[in-house]
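> my questions are about this predicted structure, shown below with the sequence.
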Amino acid sequence: MINRLIDLALKNRFFVVVLYLGLAGWGWWALTSTPIDAIPDLSDNQVIVFTDWSGHSPQEVEDQVTYPLTTNLQGLAGVRVVRSQSAFGFSMIYVVFENNVDLYFARARVLERMSLVTKSLPTGVTPTLGPDATGVGHVFWYTVESPTHSLRELRTLQDWFIRYQLNSVPGVAEVASVGGHVQQYQVDVDPNRLRNYNLPLSAVVTAVRASNLNVGGNVLESNGAWLIVRGVGLITSVDDIKRIVVGGSNGVPIYIEQVANVQIGNAFRVASLVKGTQEAVGGVVVARTGVNTKDVIDAVKARIAQIAPGLPPGVTIVPFYDRSNLIEQAVGTLRTALIEEIALVTLAHVIFLMHFRSILIVTLPLPLAVLMSFLGMYYAGISSNIMSLAGIAIAIGVLVDAGIVVTENAFRFVEQRGVDPTDRRRIWETVRDSTRLVGRPVFFSMAIILLAFIPVFALTGQEGKLFHPLAFTKTFAVLAATVMAVTLVPVLCTLLLGGKFHREEANPVMRGLRAVYRPVLQGALAHRALTLTGAAILFTGALVLARGIGSEFMPPLNEGDLMFMPIADPSISLEENTTIAARQNAALMKFPEVAYVVAKVARFE
């Protein structure tokens, strides 16, 4: 079969060249279209259900919100486990599905079940789904800074302008706000005044709630035109609240301002953001599952530059975490490895074969194999990350082996048979014979390399998610190189082999290596027991040293950012935690290597 494939390729050289040119273009398209991220996604296939019930204790939240939701969500199709967390004023439920379940199918099933469970929850409690993102979706963090605006003004700007602008960027699942103070209309009721007017507190609550709405009154026809009649009652200022009627006494209306003090204040908050030693307002951009993270970050940066002129004077958006830097480093590693490998292959051919044209025969399939590997990654749904790119980088050394064997064998056949380079028919026949000789050994040796990765494909859980991209990309690259070794490489040999061929004995490097290797080989064969003993000692020493190397689940990433996660007592107030975070930031900033420190206290809002 291998010989028939070789003959078929050599008899249709034009078709083979055109085919691989088409595959190269297709692979380049896949390279630019494959999602790019820094690290593989190790998080579970999960849907998060968030429920806010302000002011209630964790036990009440657990009994009346978390427990009913958890028990009803456990029976969904494809659910592996349901985890829950109850805290003061909110509930978090993690519905973990099997890895083969589509995320949006899972979200639809959860949403369908939630519509039934909501009826059994306390009045006013509405569970919501978390963003369609994963645990590695936090790709861009920023702060909103201004020397002239208060934290409340910056938070208002973040919540009502910046957040919505960035949320409209394609690929963004959510933009969460943190830090600062949320503006709030506050009605501080005076009990003594209520007693004087003989009014209950519920009357104030009902009056404010009923007055904050617009009502429609149909239309009024006048002079051949329809005039829309409506009652405008939405609250837009403190004065609007002050003039709300609570009740009456002897035909005289009683207003809110007569029984309460109305002002604009800060809402109760559960989180803060500290940059350096000062509080700040910020946000985090969460990327949607399966998108190209680099494109999303670039689009977010472009949108920030677009809205910057529309911000109030002195207000700036300052990023403090940008994953695109790590992504560029990971891609740069592959680029550097590929260039270095091509340079080494070229140098090896120059030294050992001393034939320029044969260099192209071996180096051209190398980028082709990489492009075809990206083609497999795109259709297998594998993103370009540090592990998948590492698979290609590891395979680069193997990719050239088959091509070198086929090319060198063809080179030696032409040299030993004394074939005239101008006789292209004779060159074609010689290349066919030489490739047939090594075609089967090359093909099956590469197949053995592929089979060596079968145990990696058997990994499950987080280990499988971490190493599967590496195994897949190396398999794609090696498989492409194997096929090209018996199709494209022989065709390139028939087209590029020519010029002057040097005998192996005429190469001074080969003569020197032979002079060193021959006595070493003869000595090893003459003292077989000593040779085997030395090999056993080296192997044993390697095993002993391997035990002291240590191990890590994830490879170390020199990202330039460090995460410091202190844990405080749950009973400490937010303000005290914020003060502690500012002190920690001040201590960390004393190191000369530290550019800035940003601390997030508690959770996003």
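Good, I have the coordinates. Numbering: from 1, shown residues only.
> low-confidence regions, this structure specifically.
353-357, 420-421, 498-506, 551-559, 604-605 (pLDDT under 70).
> follow the chain on from the longest helix along it and name the next helix or strand.
Ranked by number of residues, the top helix in the chain under DSSP state H is helix 386-417. Per DSSP states H and E, helix 386-417 leads on to helix 424-451 as the next helix or strand towards the C-terminus.
> which helices and strands sit right next to the longest helix of the chain?
Applying 3 or more CB pairs under 8 Å, 6 or more residues apart in numbering; DSSP states H and E, one finds that helix 386-417 contacts helix 324-352, helix 356-363, helix 365-380, helix 424-451, helix 461-485, helix 488-496. Just so you know, the C-beta spots here come from the backbone N, C-alpha and C atoms, and that holds for glycine as well.
> nearest to Q64, out of those?
Nearest of the helices and strands packed on helix 386-417 to Q64, taken as CB to CB: helix 461-485 at 34.3 Å.
> quick check: buried residues in the closest one?
By 16 or more other CB atoms under 10 Å, the buried positions in helix 461-485 come out as 464-485.
> now stretch 109-122
For stretch 109-122, by 16+ other CB under 10 Å, it's R109, V110, R113, M114, V117, L121.
> do the same with stretch 67-82
Under the neighbour-count criterion of 16+ other CB under 10 Å, stretch 67-82 has P68, L69, T70, L73, L76, G78, V79, V82 buried.
> now swap in stretch 36-43 and tell me
I36, D37, A38, I39, P40, D41, L42.
> so what touches that stretch?
Among residues not part of stretch 36-43, those counted as contacts by CB atoms under 8 Å, 6 or more residues apart in numbering are 134-136, 292-295, 323, 326-327, 330-331, 383-388, 462, 465-466, 469, 554, 557, 559.
> which of these are buried?
134, 136, 292-295, 323, 326-327, 330-331, 383-388, 465-466, 469.
> neighbours around N12, how many?
14 (other CB atoms under 10 Å).
> now do M589
Each residue near M589 was counted by other CB under 10 Å, and the total is 14.
> show me what contacts the residue lying closest to it once chain neighbours are set aside?
Excluding its sequence neighbours, the residue lying closest to M589 (CB to CB, 6 or more residues apart in numbering) is V597, at 5.5 Å. Listed by CB under 8 Å, 6+ apart, the contact set of V597 reads K275, G276, Q584, N585, L588, M589.
> just the element for the fourth one, please.
Here N585 is covered by helix 574-588, with elements defined by DSSP H and E.
> show me how far the following helix or strand past that helix is from its chain's centre.
As assigned by DSSP H and E, the chain's next helix or strand after helix 574-588 is strand 598-602. Centroid separation for strand 598-602 versus its chain: 22 Å, with CA atoms, centre = their mean, to the nearest Å.
> check stretch 433-441 too.
Between the centre of stretch 433-441 and the centre of its chain there are 44 Å (CA atoms, centre = their mean).
> repeat for stretch 96-107
That offset, for stretch 96-107, works out to 18 Å (CA atoms, centre = their mean).
> and that stretch, end to end?
Terminal residues of stretch 96-107 lie 11 Å apart, using CA to CA, to the nearest Å.
> buried residues in it?
By neighbour count with 16+ other CB under 10 Å, stretch 96-107 contains the buried residues V96, F97, V101, L103, A106, R107.
> before we move on, what about stretch 44-54?
Buried positions in stretch 44-54, judged by neighbour count with 16+ other CB under 10 Å: D44, N45, Q46, V47, I48, V49, T51, D52, W53.
> out of those, which sit inside strands?
Here DSSP state E is the test, and those give N45, Q46, V47, I48, V49, T51, D52 as lying in strands.
> would you turn these into a markdown table with distance to P58?
What follows is these, written out as a markdown table (distance: CB to CB, whole Å):
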| residue | distance to P58 |
| --- | --- |
| N45 | 28 |
| Q46 | 22 |
| V47 | 22 |
| I48 | 18 |
| V49 | 17 |
| T51 | 13 |
| D52 | 14 |
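> much appreciated, bye for now.
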